[in-house]
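Visitor: Let's see this in three dimensions:
(one chain, ligands or ions: 1)
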Amino acid sequence: MGKADECCSTQLIDGDGTFNVSGLESFTKEANLRECGLSYAVVSIMGPQSSGKSTLLNHLFGTNFREMDAYRGRCQTTKGIWLAKCTDIEPCTVVMDLEGTDGRERGEDDTAFEKQSALFALAVSDIVLINMWCHDIGREHAANKPLLKTVFQVMMRLFSPRKTTLLFVIRDKTKTPLENLEPILREDIKKIWDAVPKPEGHKETPLSEFFNVEVVALSSYEEKEEQFKEQVASLRQRFFHSIAPGGLAGDRRGVVPASGFSFSAQQIWKVIKENKDLDLPAHKVMVATVRCEEIANEKFACLTANEEWCQLEMAVQSGPVPGFGKKLSLIVDKCLSEYEAETIYFDEAVRTAKWNQLEAKVLQLVQPAYQSMLGHIRSRTLENFKEAFDKALSGGEEFAVAARHCTKSSMTQFDEGCADVAIKQAKWDPSKVGDKLQRDIDAHVSQVRAAKLAELTALYERKLNVGLAEPVEALLDAADNDTWPAIRKLLQRETKVAVSGMSAALSGFDIDKETVNKMLTNLEDYAKGVVETKAREEAGRVLIRMKDRFSTLFSRDSDSMPRVWTGKEDIRAITKTARSASLKLLSVMAVVRLDESVDNIENTLSLALMDGYNSASTSKSITSFDPLASSTWEEVPPTRTLITPVQCKNLWRQFKVETEYSVTQAIAAQEANKRNNNWLPPPWAIVAMIVLGFNEFMTLLRNPLYLGVIFVVFLLVKALWVQLDISSEFRNGILPGLLSLSTKFLPTVMDLLKRLAEEGQKPAATDAHRNPTSESKRLGSSMHAGSDLASSASSTMTSSENGSEYSSTLQQDKVK
Ligand SMILES: Nc1nc2c(ncn2[C@@H]2O[C@H](COP(=O)(O)OP(=O)(O)OP(=O)(O)O)[C@@H](O)[C@H]2O)c(=O)[nH]1
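Guide: Residues are numbered from 1 along each chain as shown. From the prediction side, this is the model:
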């Protein structure tokens, strides 16, 4: 016999009991065992050493186990346990060749490995071939007896063994027919079974409960090879569909799926080596647990490396992915269904538990992507809401209606989006994100509402400002008894208009009544505020106003014509009237009178200031109680006070000081006027002039030429008088008057002469040939014109030098 092809048979466990893990792994890969699920069978053979086991297996299954060279004698060729795949047998059948028993190589007492390998074979195999020589049947010291004993003993160590088929292969069968041999064999087996010590629970258990016993006899391979081959070929047929119901295999309760075979075999050998009892059901669960775990991990790793998933995960970082839910569902589904397919033959409870774990893990992996998608949907929906809301508002829709419609449609849009991204494997609840969206939408609506309300308030405040500020200013400017009633009326009217307008506008905002009332009250308060502010502003300018009023009344008559102080006016009465009008203004401005309450400010002021004016110098007014020595008005709260009593008093003092000058000027102007008008000297002077100047008067009467000369001199002096405005020059004193005149005298005389010369030349050039005798007439006319010019120059100078209207009036009077 040739040597076995080692690449086809693998040593599973070596002679020292070391399990060849990598060898089994590569064997399962090469034999495509992993894909078999439960459709595979394991056959093992045990029997005495060199009993032709390998030879039988190679012929029966087309394997290449190492066989003993017939010419080298009976020595052990198979060490440990070898493994090979049967060729062309359905289902996939794996066969194990065990080291022969009772061999001389290990010694008679060294049965530990035999027991271990027998237990291993029983634990993993569906069919165990027990190779025996025909001549050993019925013999007391048959070679296979210790083997069977071993098998049955170890069988007890399988906590809940699977029912294995024991196929006794009788080698070198004799002419005795099998029908005669089989009962003897079965009797032998029974005897051995009965002799084996059993645990309490199995004392009476028959062999058939643990094993299906089958018997087959084969001719000698060495002597009747042809017959041997024929019988082997027929035996081979029994291995086809061995796992089908009624097949050669025993019950397959303990079978592990093919993908778990490798791990299962390792664990069983480990347990056997540790000399522990083998609990096959527990082992099955253990194998299922480990394998399902492995498969789950493998599937999870596949998912994390899945290109589609990686792309989806990446894409979702940067924005919403269309069809996210469907895509992710497919990816997750693929992962879970692959797991299901691969673990289908493992223990149901275990695989379900692991499936749940895998599903949880997978969902945990993909959930962040789902959350990102929800985030995208939320932000997109919020953006859409803002846009739609803005559009609706600018389209003229009522605020509350627009908010309601847009919110509803946005939430529907969000729900639809959530349904699109949901995956069928998970029941994730997007309500938290939905709640956040709702909160964001509400916040936006509130923000827009606040802005719109602020706009609305600003609009009506502007209207109130326009409607109140200037009219109130004008009314306060007029300041009389009707001022505050008129302001109140105006305020009431404008407030009413604004409040009704605002109230109508607010109805579209769907805000509570309390807020509306508050806003309207604020608007009313604002209107009052406008009036108060204006009044306060005006109160700040009260002194100017008082002076203006005084000046108007003092310097203008009842027809608004500038007053001319001719001397007939009662300056005292005019001053009093002007001051009392100014005081009236002060009393109007002193406090805000937006309610109907009556105050006594005018009287108080009038008594304290106007009457005080009349008796200012009396000691009584100094010593008596001063009603204005206070910072508050009686019965008027400080909030309504614009000018305190003490401020009124100070203002009045300042007002009087600043208007005093005008009065003094008026008095001076009046007196000057009186003086100017009274040009006749006193009667005694006239009498003295007549007595003393009688001679000169007579001389003049006798010589009329003197009269003409005197008249010319008079005209010249008069012209100089007017031109130099001598009376006003001396108003500031004699010395300043003389100094001023000394500088102006010569230029004025020169200017006067120059003009006279010019005026004289014009008629000389035109009229000399027509009327050469009218010299004196022209001189007189020129003098007159010079006088006019002088008067106009005087008027110009005085008005430019003196800004006050009183002096201007005075000047006009002078010119007249
Ligand atoms: N008499 C007889 N000899 C056989 C038969 N089949 C094989 N042999 C011979 O038995 C010897 C041992 O054959 P193997 O097949 O190696 O026996 P084995 O049981 O596998 O041997 P180990 O693996 O060493 O236990 C070889 O010389 C075979 O030619 C048979 O049917 N009858």
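Visitor: With adjacent residues omitted, what lies nearest to Pro736?
Guide: Glu729 (7.8 Å; Cβ to Cβ, 6 or more residues apart in numbering). In short, each C-beta sits where N, CA and C put it, glycine included.
Visitor: For the one you found, list the residues it contacts.
Guide: By Cβ atoms under 8 Å, 6 or more residues apart in numbering, the residues touching Glu729 are 736-737, 740-741.
Visitor: State the distance from it to the ligand.
Guide: 161 Å (Cβ to the nearest ligand atom, to the nearest Å).
Visitor: Helix or strand: which one has that residue?
Guide: Element membership for Glu729 (DSSP states H and E) is helix 726-729.
Visitor: Can you name the next helix or strand after that helix?
Guide: Heading C-terminal from helix 726-729 (DSSP H and E), you reach helix 734-767.
Visitor: helices and strands around that next one, which ones?
Guide: helix 704-724, helix 726-729, helix 775-801 (3 or more Cβ pairs under 8 Å, 6 or more residues apart in numbering; DSSP states H and E).
Visitor: Could you report the neighbour count for Asp440?
Guide: Using other Cβ atoms under 10 Å, Asp440 has 17 other residues around it.
Visitor: Apart from its neighbours in sequence, what residue is nearest it?
Guide: Closest to Asp440 by Cβ to Cβ, 6+ apart is Leu382, at 5.3 Å.
Visitor: Go ahead and confirm the one you found touches His444.
Guide: Yes. At 7.3 Å, Leu382 counts as touching His444 under the criterion of Cβ atoms under 8 Å.
Visitor: Just give me the neighbour total for Arg34.
Guide: So Arg34, with other Cβ under 10 Å, has 16 neighbours.
Visitor: measure it to the ligand for me?
Guide: Arg34 is 29 Å from the ligand, by Cβ to the nearest ligand atom.
Visitor: same question, Ala118
Guide: Note on Ala118: its distance to the ligand, by Cβ to the nearest ligand atom, is 14 Å.
Visitor: Just the pLDDT at the spatially most central residue of the chain, thanks.
Guide: In the chain, the centroid-proximal residue (Cα atoms, centre = their mean) is Asp440; its distance is 8.3 Å. You'll see Asp440 listed with a pLDDT of 95.
Visitor: where's it, which helix or strand?
Guide: helix 431-478.
Visitor: so what secondary structure elements neighbour that helix?
Guide: When contacts are defined as 3+ Cβ pairs under 8 Å, 6+ apart, helix 431-478 sits against helix 348-394, helix 399-421, helix 483-506, helix 513-540.
Visitor: Which one, of the ones you listed, ends up nearest to the ligand?
Guide: With Cβ to the nearest ligand atom as the criterion, the ligand lies closest to helix 348-394 of these, at 38.2 Å.
Visitor: what is the mean pLDDT for that closest one?
Guide: 93.
Visitor: same thing with stretch 472-485?
Guide: 89.
Visitor: Please work out which residues outside it touch it.
Guide: Counting by Cβ under 8 Å, 6+ apart, 486-487, 490, 530-531, 534-535, 537-538, 545, 549, 584-585, 588-589, 593-594 sit against stretch 472-485.
Visitor: Could you rerun that using 10 Å?
Guide: 486-487, 489-491, 494, 530-535, 537-539, 541-542, 545-546, 548-549, 581-582, 584-589, 591-596, 602 (Cβ atoms under 10 Å, 6 or more residues apart in numbering).
Visitor: on that earlier part again, pLDDT (mean, whole number) over the helix holding Glu729?
Guide: Helix 726-729 comes out with an average pLDDT of 75.
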